[in-house]
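Asker: below: sequence and its predicted model.
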Protein chains: 2
Amino acid sequence: MMAAPAPEGFRPLDEKSLVEYMKATPALSARLRNQLDSLSIKEVGDGNLNFVYIVIGPGGSLVIKQALPYVRCVGDSWPLTKERAYFEALALKDHGRLCPNHVPEVYHFDRSMSLIGMRHIEPPHIILRKGLIAGIEYPLLAEHMADFMAKTLYFTSLLYCSTLEHRAAVAEYCGNAAMCRHTEQVIFSDPYKIAKYNHWTSPYLDQDAEAIRDDDTLKVEVADLKSMFRERAQALIHGDLHTGSVMVTSDSTQVIDPEFAFYGPMGFDIGAFLGNLILAFFAQDGHSSEGNDRRAYKKWILKTIEETWNLFHQKFIFLWNEHKDAGGEAYPSDIYNKPGVQVLAQKKYMRNLFHDTLGFGAAKMIRRIVGIAHVEDFESIQDAQKRAYCEHHALECAKKLLKERCQFESIDQVISVIQQIPV
Amino acid sequence: MMAAPAPEGFRPLDEKSLVEYMKATPALSARLRNQLDSLSIKEVGDGNLNFVYIVIGPGGSLVIKQALPYVRCVGDSWPLTKERAYFEALALKDHGRLCPNHVPEVYHFDRSMSLIGMRHIEPPHIILRKGLIAGIEYPLLAEHMADFMAKTLYFTSLLYCSTLEHRAAVAEYCGNAAMCRHTEQVIFSDPYKIAKYNHWTSPYLDQDAEAIRDDDTLKVEVADLKSMFRERAQALIHGDLHTGSVMVTSDSTQVIDPEFAFYGPMGFDIGAFLGNLILAFFAQDGHSSEGNDRRAYKKWILKTIEETWNLFHQKFIFLWNEHKDAGGEAYPSDIYNKPGVQVLAQKKYMRNLFHDTLGFGAAKMIRRIVGIAHVEDFESIQDAQKRAYCEHHALECAKKLLKERCQFESIDQVISVIQQIPV
């Protein structure tokens, strides 16, 4: 069922009206043990789209997220449906059911207010991207992200779901089409043409940006990826799984912000995560200092990229084997019943998924350098020439991965390419 | 929006209650100029699923089609949602809007009764499959079918539609999932395993059927096609576009029975039509007689296969060029703006579509020989040995097309393969 339009009654909250709202909402005030008189409230929405309040009281804490009807970093000249909060809440619940260890609990959802009340992912959790900039290693990150992706993607795919379940869920998430359209524009279109909000480290990357707009092979490949993004309902994907959508400590990994969620190609999620790790890798030289050349940290990032894919692969295949008679009917066991054929089928499936992952990951890298929304990994490099140098090499890597993606057989080969780019 | 369940009030009509029904339904009785007292009513549902009545009166004629809640040729042991009538009516209207010359007009739809009143496609129209068995040439068939497929597929694809329109339509047709599930079973699963309703010309084809169940390469390829069928919402497809879903005269071609319609891969429709023409080709030797060796007719079928694809290709590209600024956003003209790149993009798109077409067409051929529902082209060959001989060669052709589909560059090469199979 498609989402009905939000009922009337929307008003953006500020810190004061937020308290009134929580007082009137038992599901929220109970989380604070009804002690709402000396709250600390901090607005931390550093993203592009929403207000996010952290509410801490003597009895407990929580997070309130409210969607606004436009792109926050551009203003109301770029409207964006606040109905996305409905799909964010829905996806948080779906993801939470499938992978509770890595998804914050939803306490309350108010559709008319586009407001979600959810678990406060408490300190020392920080946004992964900030940890990567600071050079902090997260020994369980690959394991946790592989777990999150394997579970959320496998269990919502047709390897596990029946046709009827799957199509009902696809239909529901079709209601998030406005968010898909936004992605289509900022990832698959704008970077390849002259577009109002595009920017890059000028003048150093002027030629790079132009080269992308003039690269026919690249553009034809990007069109294929765009078609796949628009047409292929492979699984419920997060839709924006970059390193800013993950909160971490050394032993916890929490995936947040699935407001772009819909049924799309799995490689879009895996690629988003890996592509952003590759960006973090190329940004490291911009963050090196005399006492710390970041060489060891770069190695750790590469190891994390490698492990994330390999563990994802392993966990996904494990789930597939464990549930192969569950009713997904993609590879019924009375057809794919000989020792060899199941392995052959899985190899082909994972190989295609790997190529999709590289394509989408690379497209996400490109848009972060010459499109509208950049990443702090590079933006925090003060010296523009140094920043451009890092970005240039990330772009070269991305173009190679995108155009030659179908020739890669393993993540090792990807690591080699990353290392061979002369940064 | 997904289809709501049909309201109560369903009852299967017989010839008598049908007259009462039409009398009480102005949209129908008006088509007969309210002269309902000396009607000729004939039940002609020779398909597997429905009752179809041709109603002819002194004032006019019409067709009434009623869906039953099970597969007619198996009985109520195989239930099949009668909600399919809703999607058939919807698709007839969508197709009729896009290609009125080749789609019968809908006069009336009654959801609770799963009943469609529509234009009577009057004699001398016959079902194309019967014409092919009789050896009748249709000089405009390729032109008309190419026109129907180009228009219905192009205008419902993301080459033409916006993301928002497209996803809304995809969501609506997701309600026809039960019909998709049926297709998945009878086309992509049952032929590749031992299944209750499978049958073939035994004992002659026993080995052929077993070879298909044992062919790992074939089964892995079929799984890929099945995934594409289940995941890829490329355009509104008819979903059952074989030669039994087309009515013809020498100058008219009418496409009927889109009860399997949904947003799926375009190649499934084009392949269904071409695959059934290839079956008709291989059946000809079973219909040859002393005075008519069918050699000339076989040539005509091959020419029709070739022309159908080539004309489809031409018309599809024509629509694409004509409407390239319409807002489909698959290949925005400010990105694909150089002389070469648009051509490059179109070549790649059509090449992929061609390969999908061959894959789906071949899968449809196979299921008609070793699956549940066979085709009259072969069934009407009385001599079982002769029939098996024809079917065997059709199977060989289908396996080759399916497994090697990505190596074909043009329809000429397909024709060569068909001709090289030694029938």
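Answerer: Arrived safely. Residues are numbered from 1 along each chain as shown, chains lettered A, B, ... in the order given.
Asker: every contact and neighbour count from this point should use C-alpha atoms.
Answerer: Will do.
Asker: ok, which stretches of the stretch 151-300 of chain A are helices?
Answerer: A:163-173, A:177-183, A:206-213, A:216-231, A:266-287, A:295-322 (DSSP state H, counting those that start in this stretch).
Asker: please identify the deepest-packed of the ones you listed.
Answerer: Neighbour counts (mean count of other Cα atoms under 10 Å in any protein chain shown) averaged over each of the helices of the stretch 151-300 of chain A peak at helix A:266-287, with a mean of 26.
Asker: do that one and chain B come into contact?
Answerer: No. Figure legend: helix A:266-287 not in contact with chain B (Cα under 8 Å from any Cα of the partner chain); closest approach 11.6 Å.
Asker: other SSEs contacting that helix?
Answerer: helix A:128-134, helix A:141-154, strand A:235-237, helix A:295-322, helix A:339-370, helix A:376-379, helix A:384-403 (3 or more Cα pairs under 8 Å, 6 or more residues apart in numbering or on different chains; DSSP states H and E).
Asker: how about these, which one is nearest B:Gly361?
Answerer: helix A:339-370 (21.4 Å; Cα to Cα).
Asker: in TSV: the helices and strands packed on helix A:266-287, plus mean pLDDT and distance to chain B.
Answerer: Below are the helices and strands packed on helix A:266-287 laid out as TSV (pLDDT from 0 to 100; distance: least, Cα to the nearest Cα, whole Å):
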stretch	mean pLDDT	distance to chain B
helix A:128-134	98	31
helix A:141-154	98	14
strand A:235-237	98	9
helix A:295-322	98	15
helix A:339-370	96	6
helix A:376-379	98	26
helix A:384-403	98	14
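Asker: out of those, flag the one nearest B:Met179.
Answerer: Across the helices and strands packed on helix A:266-287, closest to B:Met179 is strand A:235-237 (Cα to Cα), at 20.6 Å.
Asker: tell me the helices and strands packed up against that closest one.
Answerer: helix A:141-154, strand A:262-264, helix A:266-287.
Asker: model confidence over the shortest one, on average?
Answerer: Model confidence over strand A:262-264 averages 98 on the pLDDT scale.
Asker: list the neighbouring strands of that strand plus their orientation.
Answerer: Using DSSP bridges, the strands paired with strand A:262-264 in its sheet are strand A:235-237 (antiparallel).
Asker: distance to B:Gln234 added to the helices and strands packed on strand A:235-237, as TSV?
Answerer: Shown next, in TSV, are the helices and strands packed on strand A:235-237 (distance: least, Cα to Cα, whole Å):
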stretch	distance to B:Gln234
helix A:141-154	21
strand A:262-264	13
helix A:266-287	17
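Asker: the ones you listed: which one's closest to B:Thr81?
Answerer: strand A:262-264 (25.0 Å).
Asker: how far off centre is that closest one?
Answerer: Counting by Cα atoms, centre = their mean, to the nearest Å, strand A:262-264 is centred 13 Å from the centre of its parent chain.
Asker: go on, stretch A:275-283?
Answerer: 14 Å.
Asker: what lies in contact with it?
Answerer: Contacts with stretch A:275-283, where a contact means Cα atoms under 8 Å, 6 or more residues apart in numbering or on different chains, come from A:129, A:132-133, A:242-243, A:298, A:301-302, A:305, A:358, A:361-362, A:364-365, A:377-378, A:387, A:390-391, A:393-394, A:418, A:423.
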